[in-house]
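Undergrad: quick one, what's the 3D model for this:
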Amino acid sequence: MQVHYQACALLETLPPQLTKPMSSDLIKKACCKGAIMAKDLTINMAQVSHALNELHESWRSQTWAGLPTVVGNCLSTLGYTHAWAQQQRGVVSRFMNALHTLAEDVECIGLDMQERGVEPAYHHRKHMAQVVTSMTALLLARRNNNTLNNQQMCQELSLVVCALGHDVLHDGQRNKSRREAEIRSASYVTSMMKVAGLGTYWRTRVATIIELTDPVDSVTNHAVHANNRDLKDLMVCCVLTNEADILASTLPDLGAGLTEELAAEWDQYYPKESQGLRSNDGRIFFLKRLALFSSTASHRLGLPAIRHQQLVALGAA
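TA: Residues are numbered from 1 along each chain as shown. I've put the predicted structure just below:
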């Protein structure tokens with residue numbers, strides 16, 4: 001509890017907005033000649049935390065809205081509303097169509113696994129929803145300019161694709177070979193992208209980013225990323241995806257519950273390691289080795305400070 005309250009003291013207390021679609025007035029402000037107006041689309045850590053907790057509780061209470069709804073709300077939060085999307089053409093339109101199709105597909109896959117009793121206890125639909133929500137927050141936090149051109153919009157949308165599809169078909173087991181699960185997910189996502197009419201450049205880019213979500217690659221990704229901020233840089237996109245993947249687990253109010261989900265997933269296959277996850281040493285290992293934040297967006301949200309405060313409380317700073 002001490003860790004929880006000390007780290008939560010770092011969070012701001014503004015009203016939650018992340019999972020709710022924008023108002024009609026804000027939508028009007030967000031659209032200008034086909035470009036997204038970013039200056040009125042802001043985010044803070046309290047909103048992120050609230051949104052992630054809402055997803056967690058809806059899953060536990062079986063009031064799950066489904067990935068299509070979550071993804072649609074996140075796209076609206078970024079300014080990519082349904083009304084706006086209907087006016088788009090070319091690659092942007094294909095990305096929007098691909099995202100809606102992927103959300104429906106991943107939800108159906110999860111439902112089928114649930115009915116067969118094989119949906120993983122951690123790498124399930126709620127995890128993907130939390131990663132999409134985290135990516136939404138990071139993308140909002142990193143924006144500097146008031147407008148995005150088509151290329152920048154495609155870069156953002158490609159990262160939402162990565163967040164949504166990075167763990168599709170996950171079976172709850174650790175990789176037996178390097179990037180095994182990630183390659184499987186990337187293959188599924190890029191096949192769907194091809195059907196949606198997205199070209200080789202974007203498919204290759206998304207595949208690479210998803211494959212580099214293997215935790216083994218995370219440290220290298222952050223080291224190569226350095227201080228570059230441009231989404232044209234592939235490693236910047238890899239780092240943002242790594243950060244989105246573990247953002248919810250880093251928060252003090254969600255960390256214990258999500259750790260228990262992963263431990264439950266491992267109980268069947270790796271009982272010794274699953275008990276290690278539940279220990280203080282397991283939490284310290286996660287915070288020190290995996291909860292890495294080097295992007296401008298994560299610093300603007302205060303994530304390194306949230307991580308550090310927990311390590312201080314655990315006597316491991």
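Undergrad: lowest-pLDDT helix or strand in the chain?
TA: Least confident element among the helices and strands of the chain, by mean pLDDT, DSSP states H and E: strand 31-32 (a mean of 32).
Undergrad: what about Ile183, which SS state?
TA: helix (DSSP: H, G, I helix; E, B strand; the rest coil).
Undergrad: hang on, isn't it packed against Thr213?
TA: No. Counting by C-beta atoms under 8 Å, Ile183 sits too far from Thr213 to count as a contact (10.7 Å). Where C-beta positions appear, they are placed from N, C-alpha and C, glycine not excepted.
Undergrad: look at those two and report which has more neighbours.
TA: Remark: of Ile183 and Thr213, Thr213 carries more neighbours, 25 against 16, as counted by other C-beta atoms under 10 Å.
Undergrad: look up the closest residue to the more buried one, ignoring the ones flanking it.
TA: Once flanking residues are discounted, Thr213 sits nearest to His166: 5.0 Å by C-beta to C-beta, 6 or more residues apart in numbering.
Undergrad: gap between the one you found and His127?
TA: Per C-beta to C-beta, to the nearest Å, His166 is found 10 Å from His127.
Undergrad: how about Gly302?
TA: 23 Å.
Undergrad: shaky segments in the stretch 151-300 of the chain?
TA: 225-228 (pLDDT under 70).
Undergrad: do a quick rundown of the helices in the stretch 101-250 of the chain.
TA: 125-142, 150-165, 180-195, 200-211, 215-225, 234-250 (DSSP state H, counting those that start in this stretch).
Undergrad: in JSON lines: the ones you listed, plus distance to Gly117.
TA: What follows is the helices of the stretch 101-250 of the chain, written out as JSON lines (distance: least, C-beta to C-beta, whole Å):
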{"stretch": "helix 125-142", "distance to Gly117": "15"}
{"stretch": "helix 150-165", "distance to Gly117": "23"}
{"stretch": "helix 180-195", "distance to Gly117": "20"}
{"stretch": "helix 200-211", "distance to Gly117": "27"}
{"stretch": "helix 215-225", "distance to Gly117": "27"}
{"stretch": "helix 234-250", "distance to Gly117": "25"}
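Undergrad: Gly257 is nearest to which of the ones you listed?
TA: Among these, the nearest to Gly257 by C-beta to C-beta is helix 234-250 (9.3 Å).
Undergrad: could you point out the helix or strand that follows the closest one?
TA: Counting by DSSP states H and E, the next helix or strand C-terminal to helix 234-250 is helix 252-267.
Undergrad: helix or strand next in line after that following helix, which one?
TA: Counting by DSSP H and E, what follows helix 252-267 is helix 271-277.
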